[in-house]
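1. Sequence plus the predicted model coming up.
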Amino acid sequence: MQILQVSAEYFPLLKTGGLADVAGALPQALRPLGCEVRPLLPGFAAMLDGLAEPVEVGRCLTPWGQPLRLLRGWLREPASGPQAASSITSPASTGIQAYVVESAELYLRPGGPYETPDKQPHADNQRRFAALCWVAARLAEGFDPSWRPDLVHGHDWHAGLVPAYLAAAGSRVPCLFTVHNLAYQGLFPRADYEGLGLPAQWFQMEGLEFYGQLSFMKAGLYYADRLSTVSPSYAREIQSPEFGCGLDGLLRQRQGVLSGILNGIDDRVWNPLHDPHLPVNYGSDSLELRAGNKAALQAELGLEVRPELPLFTVVSRLTEQKGLPLVLAGCDALVRQGAQLLVLGSGDSALEAAFAAKAAQYPGRVAVRLGYDEALSHRIFGGGDVTLVPSRFEPCGLTQIYGLAYGCLPLVRRVGGLADTVTDADLVTLDEGQASGVVFDRMEQGDFDHAVRRMLALYRRPADWRQVQQTGMRQPLHWGDAAARYQALYRAMLPIATLAGGR
Ligand code: ADP
Ligand code: GLC
């Protein structure tokens, strides 16, 4: 089976969140199942750098006259070792072939993949991601004479126009569209629709129009053959007005083709037994070794190096979604009860300033690193005691799964993928060996503070604590199951003739 995977991010080349982790893991995870997944990526500098032995597949003009060059090459292996961070230094190939859409004008500029250096969306984002989607449809129709996908799998709004372009071209190649976060929709003024090369009459409610605007997300949800999202709970939640971001009606209409497949984590990158970022490697049978990581982490961040203090941690984008005001407001009580707090994150300026102020107020007890630091994030899961994820909504969430895999117990809100991955510790679940963290229900300070107290009580019972750590670490969190589910979904979408042909 040959799959073209379309995404704006790809770990380890370019990452702003979990989308990159998933896009980077799926091609490898699906390979043993007989799926050849080739990523198609926008030509950001990091993507071009990550492509070994690039060859030109062809040149073309977008519907609005933008010249593009399509490159094909081999993705490089991530560098290993403590300096690896997200930089690519190893020349070795991953054995994964990928396509990159090259256009200096569209993709090579200061700032992040979506925003300018001062955090404003790039003014031509509709064209930057429409170009990616348009090339996907060209590839489905044979633009690369040496390889043609049986199916296209698009991720998040950046790939939302893929099924629209396929439909406009009359393509018979099926498309799966996966929602990683419905809250980011790719909305643009009506005028931006002109020139994108899609039928004018599709700009309507039964199409890709959303309250007078062009919605890439809605295009994906409307035109794709099948839809998926990244946890069973989120698949249900987005069909309700509370979580549907205005698209719940359409999602209810399409519920027959919508599935929820829980993300896995990439064992090559996230395994404390061989994680090169950790001062000390350990496993579920050698948890006592974590103490070395905790002491190193406390020292590195300027926290008091005291093994007995429970170390609560946050690794997160600092946005509305993540429920971090609860952590801020709960910080005083946390410190009063003898805990430490370590936050690694970047995003919303007000949240950044508020966390920095807490660090200033509690030297030695609260430490904050503003910015993005892949290597430090590994050291945090490998040395911290608790991973806090009190999200308002969470399609899947990966940090709580890293917390489970590393014995850094998750404290999460019962929502989306958090509810699907963490089992609350109570007397019954402890007794039955099912408890893997602490889960609270309502987005209220009292509920969060109580969850912190329950976590602290568990910490004071070292045998139970260790058992909960081991339960999480011994769970099958890796991609195996999820990859098999994607494969089954792909198979269900393909015509029998393609499957019979052995692809
Ligand atoms: P989301 O995609 O909504 O941000 P996830 O939990 O799915 O949430 O994924 C977040 C990913 O980004 C994880 O791999 C997490 O470790 C990483 N991450 C988030 N913020 C930072 C940061 N400041 N530094 C390093 N890694 C980060
Ligand atoms: C999104 C979601 C997150 C999910 C990630 C990967 O960024 O916010 O919950 O884990 O995508 O699917």
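-> Nice, thanks for sending it over. Ligands and ions are numbered 1, 2, ... in the order given.
2. Would you agree Leu297 is in contact with Leu311?
-> Yes: between Leu297 and Leu311 there is a contact under C-beta atoms under 8 Å: 7.3 Å. In short, each C-beta sits where N, CA and C put it, glycine included.
3. Common neighbours of the two, please.
-> Residues touching both Leu297 and Leu311 by C-beta atoms under 8 Å, 6 or more residues apart in numbering: 303, 342, 383-384.
4. So which of those are in strands?
-> Taking DSSP state E as the definition of strands, the shared contacts of Leu297 and Leu311 contribute Leu342.
5. Which of the shared contacts of Leu297 and Leu311 has the largest number of neighbours?
-> Gly384 (28 neighbours; other C-beta atoms under 10 Å).
6. Below-threshold pLDDT in this protein: ranges please.
-> Under the criterion pLDDT under 70, the flagged ranges of the chain are 78-93, 497, 499-503.
7. What residue in it comes nearest to ligand 2?
-> Residue of the chain nearest ligand 2, by C-beta to the nearest ligand atom: Gly18 (2.8 Å).
8. What is the neighbour count of the closest residue to that residue other than its chain neighbours?
-> Of all residues not flanking Gly18 in the chain, Leu398 sits nearest, at 4.5 Å (C-beta to C-beta, 6 or more residues apart in numbering). Counted with other C-beta under 10 Å, residues neighbouring Leu398 total 24.
9. got the residue ranges for the helices in the stretch 301-450 of the chain?
-> 324-336, 349-361, 374-383, 399-406, 416-421, 427-431, 445-459 (DSSP state H, counting those that start in this stretch).
10. and the next helix or strand along the chain from the last one, what other elements does it pack with?
-> Helices and strands here follow DSSP states H and E; after helix 445-459, the next one along the chain is helix 462-473. Judged by 3 or more C-beta pairs under 8 Å, 6 or more residues apart in numbering; DSSP states H and E, helix 462-473 is in contact with helix 399-406, strand 409-413, helix 427-431, helix 445-459.
11. could those be laid out in JSON lines, adding distance to ligand 2 and mean neighbour count?
-> Formatted as JSON lines, the helices and strands packed on helix 462-473 follow (distance: least, C-beta to the nearest ligand atom, whole Å; neighbours: other C-beta atoms under 10 Å):
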{"stretch": "helix 399-406", "distance to ligand 2": "8", "mean neighbour count": "26"}
{"stretch": "strand 409-413", "distance to ligand 2": "11", "mean neighbour count": "27"}
{"stretch": "helix 427-431", "distance to ligand 2": "24", "mean neighbour count": "12"}
{"stretch": "helix 445-459", "distance to ligand 2": "19", "mean neighbour count": "17"}
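12. between these, which one is nearest to ligand 1?
-> helix 399-406 (4.3 Å).
13. Send me the closest one as CSV with only the CA atoms.
-> Output of helix 399-406 as CSV, limited to C-alpha atoms (Å, rounded to 0.1, in the frame of the first residue of the first chain):
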residue,chain,number,x,y,z
THR,A,399,3.2,14.8,27.3
GLN,A,400,1.0,12.7,29.7
ILE,A,401,2.0,9.6,27.7
TYR,A,402,5.7,10.6,27.9
GLY,A,403,5.0,11.0,31.7
LEU,A,404,3.6,7.5,31.8
ALA,A,405,6.5,6.0,29.9
TYR,A,406,9.1,7.8,32.1
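14. Compute the first-to-last residue distance for stretch 43-52.
-> 14 Å (C-alpha to C-alpha, to the nearest Å).
15. And for stretch 99-110?
-> 22 Å.
16. Show the residue spans covered by the strands in the stretch 201-350 of the chain.
-> Using DSSP state E, counting those that start in this stretch, the strands of the stretch 201-350 of the chain run over 209-210, 213-215, 226-229, 258-260, 311-318, 340-347.
17. Present the ones you listed as JSON lines; the columns should include distance to ligand 2.
-> Listed next are the strands of the stretch 201-350 of the chain as JSON lines, based on distance: least, C-beta to the nearest ligand atom, whole Å:
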{"stretch": "strand 209-210", "distance to ligand 2": "20"}
{"stretch": "strand 213-215", "distance to ligand 2": "18"}
{"stretch": "strand 226-229", "distance to ligand 2": "8"}
{"stretch": "strand 258-260", "distance to ligand 2": "11"}
{"stretch": "strand 311-318", "distance to ligand 2": "8"}
{"stretch": "strand 340-347", "distance to ligand 2": "12"}
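18. got the ones you listed as JSON lines, with distance to Pro189 columns?
-> Converted to JSON lines, the strands of the stretch 201-350 of the chain look like this (distance: least, C-beta to C-beta, whole Å):
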{"stretch": "strand 209-210", "distance to Pro189": "11"}
{"stretch": "strand 213-215", "distance to Pro189": "6"}
{"stretch": "strand 226-229", "distance to Pro189": "26"}
{"stretch": "strand 258-260", "distance to Pro189": "29"}
{"stretch": "strand 311-318", "distance to Pro189": "26"}
{"stretch": "strand 340-347", "distance to Pro189": "25"}
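19. Which of those sits closest to Asp285?
-> Of all these, strand 311-318 sits nearest to Asp285, with 21.9 Å by C-beta to C-beta.
20. What parts of the stretch 1-150 of the chain come near ligand 2?
-> 17-19, 22 (C-beta under 6 Å from any ligand atom).
21. cool, and the stretch 351-500 of the chain?
-> So the stretch 351-500 of the chain meets ligand 2 at 394-398, 417 (C-beta under 6 Å from any ligand atom).
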